[in-house]
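Colleague: model the following, please.
(chains A, B, C and D)
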2 protein chains.
Amino acid sequence: MKNNEVPEIVISRLPLYVQTLNQLLRDGKSVVSSSELGDKLKMTSSQIRRDLSYFGGFGKKGTGYDIISLMESLRKILNLNQIWQVVMVGVGHVGQALLNYDGFSRKGFEIIAAFDVSPKVIGKKYGTLEVKSVDDMEKEICTLQVEIGAITVPAESAQLVCDRLVKCGIKAILNYAPVALVVPDGIQVSNIDPVLQLQKMTYYLK
Amino acid sequence: MKNNEVPEIVISRLPLYVQTLNQLLRDGKSVVSSSELGDKLKMTSSQIRRDLSYFGGFGKKGTGYDIISLMESLRKILNLNQIWQVVMVGVGHVGQALLNYDGFSRKGFEIIAAFDVSPKVIGKKYGTLEVKSVDDMEKEICTLQVEIGAITVPAESAQLVCDRLVKCGIKAILNYAPVALVVPDGIQVSNIDPVLQLQKMTYYLK
DNA sequence: TAGATTGTTAATCGATTAACAATC
DNA sequence: TAGATTGTTAATCGATTAACAATC
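Modeller: Here you go, the predicted structure:
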């Protein structure tokens, strides 16, 4: 790490730890060692202890980690003890699947607004949420404190939508469009493109 | 790298190169240098040249890379010059979105069978594809030469579905369920979990 | 030719792993 | 106490970058 920042790759593993701890908890366990956790995640116990040590000491020597308290610590580090509001742009098939996906809300992410260009979906309701015209996007969200946006529009319009979201103060973007978005420094982008994933797997096939 | 294998991280960048080359082509360019490509992808030109050099020399000194021929070479390396058949299990909201997503077929991935447990969707047609009962999965696909499976079932049943797919000869799995699947050596798994992506971004927010 | 850019090697950087003293 | 496992440091490993000769 450059100064005293935690490497991004370490951060990206924390949600996996939370997920696995949850699973262990559901299996009825209450304590776990770094090597058990490592087995589950196909990682070395060293790496897990090293990762955690960036944030402090969470275990008890000779015993391991209390699952609930470790999970709580990690959730606090990742800012997961709050409900994060999300704005969605594009209510095609992917957008609709996301609106219907309860995993979002169960994990603390709430879609509070959805926009589209098509009169076919504008006005449509998903639960209590009504799809609005993308023309009204700035008016609707720039005053709110939303920090997360989901882009589920076609590739051609993704960059434009992205620019507009950033202008409205969005700081993190979940991008479903198959394009590499250009954003200013300090804006997080996560790309979800199943085709890229498939294309790297086919290298190993045949 | 251990022996003479290409590092996985290099492989994972190749589809991005293909994507960007496509974009440049659409913009009307026919030649690109490693530094231009690096600018687009926020990478150093060194890294791009190093990555490509694992597979040979594709450029011309003093000039750069012919976009079409580099793209063609990369597509061949990734085995993208064929149509890959995909079997899908789970036709809920996510599965339906995938069935309706034309990006799959446009990029050479064809969903040839879809299975579900629910009588509500069994028999339903998406284009020419009819959803079948998951009970018939083995009967339907074990004899085929499909190598790719998409798991779009709830978390609870994902591992079971995964085991059955592997038994049918599936070698690569696109997993939409929020669980870490356990698979035998040599089976590729790519996880698509938007929540994990969101959870690593929230670390940097607030 | 002169300028540009590749392909490749060596240097650097960062991440992972091994080892072990501390201690529950 | 003896056994187990943490937290941390040092060693190792692998990936990225810089540099440059080759050459289009």
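Colleague: buried ones in stretch A:89-107?
Modeller: For stretch A:89-107, a neighbour-count test (16 or more other Cβ atoms under 10 Å in any protein chain shown) marks A:89-99, A:101, A:103-104, A:107 as buried. Where you see a C-beta, it was placed from the backbone N, CA and C, and this is true even at glycine.
Colleague: what's the farthest-apart pair in the residues you listed?
Modeller: Greatest spatial distance in the buried residues of stretch A:89-107: A:92 and A:107, 23.0 Å, computed using Cβ to Cβ.
Colleague: stretch A:70-83 and chain B in contact?
Modeller: Yes - applying Cβ under 8 Å from any Cβ of the partner chain, one finds stretch A:70-83 touching chain B at A:77, A:78, A:79, A:80.
Colleague: quick check: of the residues you listed, which lies closest to DNA strand D?
Modeller: Nearest to DNA strand D out of those is residue A:77 (Cβ to the nearest atom of the strand; 14.0 Å).
Colleague: tell me, how many residues neighbour the closest residue to residue A:49 other than its chain neighbours?
Modeller: Spatial nearest neighbour of residue A:49, excluding adjacent residues (Cβ to Cβ, 6 or more residues apart in numbering or on different chains): residue A:34 at 4.9 Å. With neighbours defined by other Cβ atoms under 10 Å in any protein chain shown, the count for residue A:34 comes to 20.
Colleague: mind putting the residues of stretch A:70-83 next to chain B in TSV, neighbour count included?
Modeller: Listed next are those as TSV, based on neighbours: other Cβ atoms under 10 Å in any protein chain shown:
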residue	neighbour count
A:77	18
A:78	21
A:79	16
A:80	22
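Colleague: the longest strand belonging to chain A and chain B in contact?
Modeller: Taking DSSP state E as the criterion, chain A has its longest strand at strand A:109-116. Yes - against chain B, strand A:109-116 shows contacts by Cβ under 8 Å from any Cβ at residue A:109.
Colleague: buried residues, that strand. List them.
Modeller: For strand A:109-116, by 16+ other Cβ under 10 Å, it's A:109, A:111, A:112, A:113, A:114, A:115, A:116.
Colleague: residue numbers of chain A in contact with DNA strand D?
Modeller: Contact residues, chain A versus DNA strand D (Cβ under 7 Å from any atom of the strand): A:33-35, A:45-46, A:49-50, A:52-53, A:57-65.
Colleague: buried subset of the residues you listed as a ChimeraX selection?
Modeller: In ChimeraX, a selection of the buried entries from the residues of chain A next to DNA strand D looks like this (16+ other Cβ under 10 Å):
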select /A:33,34,49,52,58,59,64,65
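Colleague: near DNA strand C, from the residues of chain A next to DNA strand D?
Modeller: Answer for the residues of chain A next to DNA strand D near DNA strand C (Cβ under 7 Å from any atom of the strand): A:46, A:49, A:50, A:60, A:61, A:62, A:63.
Colleague: how close does the first one get to residue A:37?
Modeller: Summarising the geometry, the distance separating residue A:46 from residue A:37, computed by Cβ to Cβ, to the nearest Å, is 12 Å.
Colleague: which SS class is residue A:153?
Modeller: Secondary structure, DSSP: H, G, I helix; E, B strand; the rest coil: residue A:153 is coil.
Colleague: burial measure for it, as a count.
Modeller: 26.
Colleague: check what pLDDT residue A:121 gets.
Modeller: As predicted, residue A:121 sits at a pLDDT of 97.
Colleague: list the contacts for it?
Modeller: By Cβ atoms under 8 Å, 6 or more residues apart in numbering or on different chains, the residues touching residue A:121 are A:91, A:131.
Colleague: element containing residue A:165, please.
Modeller: Take DSSP states H and E as the rule and residue A:165 turns out to sit in helix A:155-167.
Colleague: what helices or strands is whatever helix or strand comes next after that helix leaning on?
Modeller: The C-terminal neighbour of helix A:155-167 among helices and strands, as given by DSSP H and E, is strand A:172-175. Under the contact criterion of 3 or more Cβ pairs under 8 Å, 6 or more residues apart in numbering or on different chains; DSSP states H and E, strand A:172-175 touches strand A:148-151, helix A:155-167, strand A:188-191, helix B:194-201.
Colleague: rounded mean pLDDT for stretch A:169-189, please.
Modeller: Here the average pLDDT along stretch A:169-189 is 96.
Colleague: circling back to that earlier point, the residue nearest to residue A:49 contacts residue A:64, doesn't it?
Modeller: Yes - applying Cβ atoms under 8 Å as the test, residue A:34 and residue A:64 come out as touching, 7.1 Å apart.
Colleague: first vs last residue of stretch A:195-206, how far apart are they?
Modeller: One end of stretch A:195-206 sits 18 Å from the other (Cα to Cα, to the nearest Å).
Colleague: how about residue A:186, nearest residue that isn't a chain neighbour?
Modeller: Spatial nearest neighbour of residue A:186, excluding adjacent residues (Cβ to Cβ, 6+ apart): residue A:171 at 7.3 Å.
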